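Student: sequence? don't have it. structure:
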Ligand code: PXG
């Protein structure tokens, strides 16, 4: 995917004076000064810095609810909740208060040497309440990537405690995303990342993804295709030998890979295979967790029971960094009853992050935000998207549920024919969104939406109509109507 490095032609639409004032209230420097300093001193993640410095970054100075303001006063609707994380929306005072209070009370203490503290205790108890029944234990870190590093450590320790030392291989999927540490990057199946990683983690192998629109051949139904892709796991296990396989990891739906939603046959088959060969099943819930699908966790939407879950993003709604791993009772028991587990981070269970996470999870629960995604805003969002783009000349499929969606750009939607230069088409569409003041992500030729979970119907209408304008403009630029 080249979406991360492209230059964005930055066109400024006219904006009302009120929003310009809102942005400028917090601003110390002019846009030009910010851009010059940013170019001089800041290396951005996943970016071609030469090209970015020449075009200049958009400087975001303020946010409230589902809206962002840039340094020019433009008001932008955030269809991506930051990077899939701002579940309760921007500017919630409850979270700021929780951080402020905790910083004054106990700004930091570690959880290494027989110590603990109230915020991490409260958070663990609350997570055990919110997560499905067998998840009662949680290990903390600072990000999704560290969460997946932790998953590897737990998986290996688990099998060591079972005396099955040969179980070392972990199977994941091409076009999966599991983070950008060495372990996260190796677990992920992004070729463009692997190319820049001569050092990878050993014993990690990949099978194909369940991407029906792009990869199904012949007359397979989505259900048949998903089953066949799940059965690649069995073939891979037999190839490596079940005695050598420790775990399978996957995102319940692939997020960064394009909001790829497998058909309903996929996860039950994956679970059957994992159980049959005694292999741990890991759900990476970094994007799917905390309400995105209308369930608290995405594996509940797909109806399977993982042994480990990776958490981050929506855990704190991105207000402060925090990740975690949830352990199924059977895994937790083995880790708890078998001596030292030699893994931890200075900020494992950081009190400020934990206090913010508690405040965030209480908002999601007590304001019935997750319930609303399931019963109200989620179904509305999906219906509006599907109606608006039905029979659109360049939309091949709409994937998703709740408040996450992927729009497949296609040259011939009915024949499932993709554009030869799909990534370029995605970039064109993404730029039209950007210039229309809608943040929408392009992954190759798929346009992604994952707005804050507090979005209301009027705001959903705004996103859908802006997305429609951008897709129409893309079709027009390509000469397709
Ligand atoms: N697992 C999944 C499923 C993710 O989506 C991570 C792990 C890693 O989390 P951290 O907190 O280490 O970044 C992620 C992160 C994008 C994009 O462009 C997606 C992510 C991160 C950055 C950009 O879609 N997902």
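Tutor: Nice, thanks for sending it over. Just so it is clear, the structure is predicted and the values come from calculations on it, not from any experiment.
Student: wait, what's in contact with residue 120?
Tutor: Contacts of residue 120 were listed using Cβ atoms under 8 Å, 6 or more residues apart in numbering, and they are 111, 140, 349, 351, 354. Every residue, glycine included, has its C-beta placed from N, CA and C.
Student: oh, that last question was meant for residue 393, not what I typed.
Tutor: Residue 393 sits next to 413, 475, 480-481 when contact means Cβ under 8 Å, 6+ apart.
Student: 6 Å instead, please
Tutor: Applying Cβ atoms under 6 Å, 6 or more residues apart in numbering to residue 393 gives the contacts 475, 480.
Student: tell me the mean pLDDT over stretch 360-369?
Tutor: On average, the pLDDT along stretch 360-369 is 98.
Student: buried ones in it?
Tutor: 360-365, 369 (16 or more other Cβ atoms under 10 Å).
Student: centre of the chain versus it, how much separation?
Tutor: Offset of stretch 360-369 from its chain centre (Cα atoms, centre = their mean, to the nearest Å): 20 Å.
Student: what sits against the closest residue to the ligand within the chain?
Tutor: The ligand sits closest to residue 144 of the chain, with a gap of 2.3 Å, by Cβ to the nearest ligand atom. Residues counted as contacts of residue 144 (Cβ under 6 Å, 6+ apart) are 179, 286, 312, 323.
Student: mind listing what the third one touches?
Tutor: The contact partners of residue 312, by Cβ under 6 Å, 6+ apart, come to 143-144, 147, 286, 323.
Student: out of the contacts of residue 144, who's the most crowded?
Tutor: Greatest neighbour count in the contacts of residue 144, by other Cβ atoms under 10 Å, goes to residue 286: 31 neighbours.
Student: residue contacts, that residue?
Tutor: Here residue 286 is in contact with 144, 310, 312-313 (Cβ under 6 Å, 6+ apart).
Student: filter the contacts of residue 144 down to the ones near the ligand?
Tutor: 179, 286, 312 (Cβ under 6 Å from any ligand atom).
Student: checking the residue nearest to the spatial centre of the chain next. Helix, strand or coil?
Tutor: By Cα atoms, centre = their mean, the chain has its centre lying nearest to residue 287, at 3.0 Å. Assigned with DSSP: H, G, I helix; E, B strand; the rest coil, residue 287 falls in the coil class.
Student: thinking it is in contact with residue 256, fair?
Tutor: No: taking contacts as Cβ atoms under 6 Å, residue 287 lies outside contact range of residue 256: 7.7 Å.
Student: circling back: dump the ones next to the ligand among the contacts of residue 144 into CSV; add pLDDT as well.
Tutor: Below are those laid out as CSV (pLDDT from 0 to 100):
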residue, pLDDT
179, 98
286, 98
312, 99
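Student: nearest to residue 252, out of the residues you listed: which one, please.
Tutor: Closest approach to residue 252 among these (Cβ to Cβ): residue 286, at 10.5 Å.
Student: other residues contacting stretch 235-242?
Tutor: 169, 171, 207, 245, 277.
Student: filter those residues down to just the ones in strands.
Tutor: 169, 171, 207, 245 (DSSP state E).
Student: ok, residue 468 touching residue 387?
Tutor: No: at 10.6 Å, residue 468 and residue 387 do not qualify as touching, with contact defined as Cβ under 6 Å.
Student: more crowded one of those two?
Tutor: Each of residue 468 and residue 387 has its neighbours counted (other Cβ under 10 Å); residue 468 has more, 16 against 9.
Student: what secondary structure does the more buried one sit in?
Tutor: Classified using three-state DSSP, residue 468 is helix.
Student: for it, which non-adjacent residue is closest in space?
Tutor: What sits nearest to residue 468 in space, not counting adjacent residues and going by Cβ to Cβ, 6 or more residues apart in numbering, is residue 388, at 5.3 Å.
Student: look at that neighbour and give its secondary structure.
Tutor: Under three-state DSSP, residue 388 comes out as helix.
Student: coming back round to it: neighbour-wise, give me the winner out of the ones in strands among the contacts of stretch 235-242.
Tutor: Neighbour count (other Cβ under 10 Å) singles out residue 245 as the most crowded of these, with 27 neighbours.
Student: quick check: beta-bridge partners of it?
Tutor: residue 169 (DSSP bridges).
Student: quick check, it in contact with residue 280.
Tutor: No: Residue 245 is beyond contact range of residue 280, at 9.3 Å (criterion: Cβ under 6 Å).
Student: would you mind putting the contacts of residue 312 into TSV with distance to residue 162 and secondary structure alongside?
Tutor: Below are those laid out as TSV (distance: Cβ to Cβ, whole Å; DSSP: H, G, I helix; E, B strand; the rest coil):
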residue	distance to residue 162	secondary structure
143	29	coil
144	27	helix
147	23	helix
286	27	coil
323	26	strand
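Student: of these, which pair is most distant in space?
Tutor: 143 and 286 (8.7 Å).
Student: what residues does the stretch 251-400 of the chain have near the ligand?
Tutor: Contact residues, the stretch 251-400 of the chain versus the ligand (Cβ under 6 Å from any ligand atom): 251, 255-256, 284, 286-287, 312.
Student: rerun that using 8 Å as the cut-off
Tutor: Counting by Cβ under 8 Å from any ligand atom, the residues of the stretch 251-400 of the chain lying close to the ligand are 251, 254-256, 284-288, 310, 312-313, 321, 323.
Student: can you name the two of the residues you listed that sit furthest apart?
Tutor: Farthest pair in those (Cβ to Cβ) is 254 and 321. Separation: 22.7 Å.
Student: neighbour-wise, which of the two wins?
Tutor: residue 254 (26 against 19).
Student: please parse this protein into its domains.
Tutor: Domain assignment for the chain, taken from automatic domain parsing, gives 17-30+72-87+369-478, 93-366.
Student: could you tell me the least trusted of the ones you listed?
Tutor: Sorting the domains of the chain by mean pLDDT places domain 17-30+72-87+369-478 lowest, at a mean of 94.
Student: how far does it sit from its chain's centre?
Tutor: With Cα atoms, centre = their mean as the basis, domain 17-30+72-87+369-478 stands 16 Å off its chain's centre.
Student: again, but for stretch 343-356
Tutor: Using Cα atoms, centre = their mean, the offset of stretch 343-356 from its chain centre is 21 Å.
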